[in-house]
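[1] Whatever this is, show me its structure:
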Amino acid sequence: QVQLEQSGGGLVQAGGSLRLSCAASGRTFSSYVMGWFRQAPGKEREFVACISCGLGRTYYADSVKGRFTISRDNAKNTVYLQVNSLKPEDTAVYYCAADVFKLYRNYKSPNDYEFWGQGTQVTVSS
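    Next up is the predicted model:
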């Protein structure tokens with residue numbers, strides 16, 4: 001069992017930056033695929049980024065490439081999402097997620113993850 005505790009988020013002007021954090025319980029954090037998703041009002045939860053999700057790689061949604069960076073600190077059992085050059089369309093509740101690595105998954109679907117953080121609101125004003 002993994003518990004994920006999120007922090008960060010808030011209100012920021014367009015062009016601004018934030019860092020989202022997700023701290024995990026458990027001693028096997030380094031073996032988990034970690035992902036970030038977001039959900040805007042009235043929309044489905046969408047993939048943002050994942051790390052260690054295949055051959056040790058990171059993947060990003062096209063909409064955030066070059067602006068967002070996912071990273072992890074296994075010594076701290078924490079995954080981060082640095083969000084830069086924020087746009088109003090980035091406004092959403094952001095969720096971190098975790099699961100063990102399994103073949104034939106690309107970890108870009110919410111269904112690929114078993115454990116979820118509580119979510120944190122990011123609001124970007126124009």
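[2] Identify all contacting residues around stretch 37-45.
    Residues outside stretch 37-45 that contact it (Cβ atoms under 8 Å, 6 or more residues apart in numbering): 46-48, 90-97, 110, 119, 122. C-beta: built from backbone N, CA, C; applies to glycine.
[3] let's see it at 10 Å
    By Cβ atoms under 10 Å, 6 or more residues apart in numbering, the residues outside stretch 37-45 that reach it are 20, 46-50, 61, 63-64, 81, 83, 89-97, 108-110, 113, 116-117, 119-120, 122.
[4] just checking, what packs against the host helix or strand of R19?
    Counting by DSSP states H and E, the element that carries R19 is strand 18-24. On a contact count with 3 or more Cβ pairs under 10 Å, 6 or more residues apart in numbering; DSSP states H and E, strand 18-24 meets strand 4-7, strand 10-13, strand 32-39, strand 68-73, strand 78-83, strand 92-100, strand 120-125.
[5] which stretch among these comes nearest G26?
    Nearest of these to G26, taken as Cβ to Cβ: strand 32-39 at 8.2 Å.
[6] Which positions in the next helix or strand after the closest one come out as buried?
    Per DSSP H and E, strand 32-39 leads on to strand 46-51 as the next helix or strand towards the C-terminus. Within strand 46-51, the residues that count as buried by 16 or more other Cβ atoms under 10 Å are F47, V48, A49, C50, I51.
[7] Could you give the bridge partners of the residue positioned nearest the centre of the chain?
    Residue closest to the average C-alpha location in the chain (Cα atoms, centre = their mean): W36, at 1.9 Å. Beta-bridge partners for W36, by DSSP bridges, are A49, C96.
[8] Before I go, just wanted to say thanks for your time.
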